[in-house]
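Colleague: fold the stuff below for me.
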Amino acid sequence: MINNPAAVVEITRGNSVESTHEVDIAIADSTGKIISTYGNAGLHIYPRSSNKALQALPLIESGAADAYGFENKHLALACSSHSGQPMHVNAASEMLNMAGLDGNCLECGAQLPKYPEDQAQLVRDGVEVQAIHNNCSGKHSGFLAFAKHSGIETKGYIGFDHSVQKEIAGVLESVTSAKHGEDNYGIDGCSIPTFKIPLQKLAIAFAKFGVGEDASPLRSKAMLRLRDACFAHPEMVAGDNRVCTQLMQALGNRAFVKVGAEGVYTMSLPEFGLGVAMKSRDGGFRAVEVTVSQLAFDLLKLDEEDIEKMRPLIHPVLKNWNGFEVGTARLAK
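Modeller: Residues are numbered from 1 along each chain as shown. Below is the predicted model of the structure:
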């Protein structure tokens, strides 16, 4: 194992470094071996939304996805932190309708769509902001479909003691080999429990997710099915001008990536059997977006000709309100 200092992302202005962000990273393989670390890979973190693909496993394993005829776009949405664009809202509504439910069943809370044009369209249409617009509505639609198919009461499904969350916590504990209990959980932005686990265990889990490696053949197949759904529909995993979507579109089926709140990112690189988990110490998204993009480029050993399509993600240009280029973000070497 190679131990390195924390990764540092520099924010420049003019010819100077104006700000820096430190990022802790763990890189592991599907056998459970830690390949390399940056900073504190044993740091216990809340994965937040970075582990949504693992939370979606019961949707597949229970047979709910097949029973309701969910397509790949729906499965990708179940793993998503979407932008509330029409394609996302429509797909979440479809999932609920296919399960005989509706948006009133969602308990993730109302949230405005990410982009002003979609917010403005709601105003023009006279539509109130609802839970279906929440960035987690796809995940929650998956939870509800699982509950309905399994004969579990849907009301209160977000609660720590509810059967849905108990099932998900059990799956997460099994996949990560980290305790998911009453003494290490908090409440996520969408109101479900989120559990604090070591960064390196999260990396191992996503190494296994990327190649479908679990003691259970059913779970192994479920991992690959969710992975492939996200590969087929990266636009559903995040949305327009979002790094998760852009990175997967640029790399095709070579990388699965997923962001989480407070500067968390997970990544699976199936061809090398690698998993990556990282967190920026200050919770900043711009630090981990640059870091995950640069690491994908480096770990996949991409050719220099690939740098052009990756450059906007590895070295994003910073602009002011007049559109003038004022600096860049970059991973320090």
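Colleague: mean confidence for stretch 220-233?
Modeller: When pLDDT is averaged along stretch 220-233, the result is 98.
Colleague: run through the protein and note the low-pLDDT ranges.
Modeller: Counting by pLDDT under 70, the chain contains low-confidence residues at 333.
Colleague: what about the strands in it?
Modeller: 2-4, 7-13, 16-29, 34-38, 44-45, 185-187, 193-195, 197-198, 256-260, 264-269, 274-280, 317-319, 325-331 (DSSP state E).
Colleague: out of the ones you listed, which gets nearest to A56?
Modeller: Nearest of the strands of the chain to A56, taken as Cβ to Cβ: strand 256-260 at 10.9 Å. The C-beta positions use only the backbone N, C-alpha and C, and glycine is treated the same way.
Colleague: on that earlier part again, looking at the strands of the chain, which is nearest to Q85?
Modeller: strand 256-260 (16.3 Å).
Colleague: elements contacting that closest one?
Modeller: Counting contacts by 3 or more Cβ pairs under 8 Å, 6 or more residues apart in numbering; DSSP states H and E, strand 256-260 packs against helix 52-55, helix 199-211, helix 217-232, helix 243-251, strand 264-269, helix 285-299.
Colleague: as CSV, those with mean neighbour count and distance to K73 would be great.
Modeller: Below are the helices and strands packed on strand 256-260 laid out as CSV (neighbours: other Cβ atoms under 10 Å; distance: least, Cβ to Cβ, whole Å):
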stretch, mean neighbour count, distance to K73
helix 52-55, 26, 15
helix 199-211, 27, 19
helix 217-232, 20, 8
helix 243-251, 21, 13
strand 264-269, 26, 20
helix 285-299, 23, 24
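Colleague: nearest to N3 among the ones you listed would be which one?
Modeller: Here helix 199-211 is closest among the helices and strands packed on strand 256-260 (Cβ to Cβ), at 11.6 Å.
Colleague: run the chain-centre distance for stretch 193-205.
Modeller: Mean C-alpha position of stretch 193-205 versus that of the full chain (Cα atoms, centre = their mean, to the nearest Å) differs by 13 Å.
Colleague: follow-up on the earlier one: columns distance to A232 on top of the strands of the chain, output as TSV?
Modeller: Listed next are those as TSV, based on distance: least, Cβ to Cβ, whole Å:
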stretch	distance to A232
strand 2-4	34
strand 7-13	31
strand 16-29	25
strand 34-38	28
strand 44-45	29
strand 185-187	32
strand 193-195	27
strand 197-198	29
strand 256-260	12
strand 264-269	15
strand 274-280	21
strand 317-319	30
strand 325-331	29
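Colleague: and the closest residue to E61 other than its chain neighbours, what does it touch?
Modeller: Setting aside the residues directly before and after it, E61 is nearest to A222 in space (Cβ to Cβ, 6 or more residues apart in numbering), at 5.2 Å. When contacts are counted by Cβ atoms under 8 Å, 6 or more residues apart in numbering, A222 touches L57, I60, E61.
Colleague: which one among the residues you listed gets closest to G170?
Modeller: Out of the contacts of A222, the member with the shortest distance to G170 (by Cβ to Cβ) is L57, at 10.4 Å.
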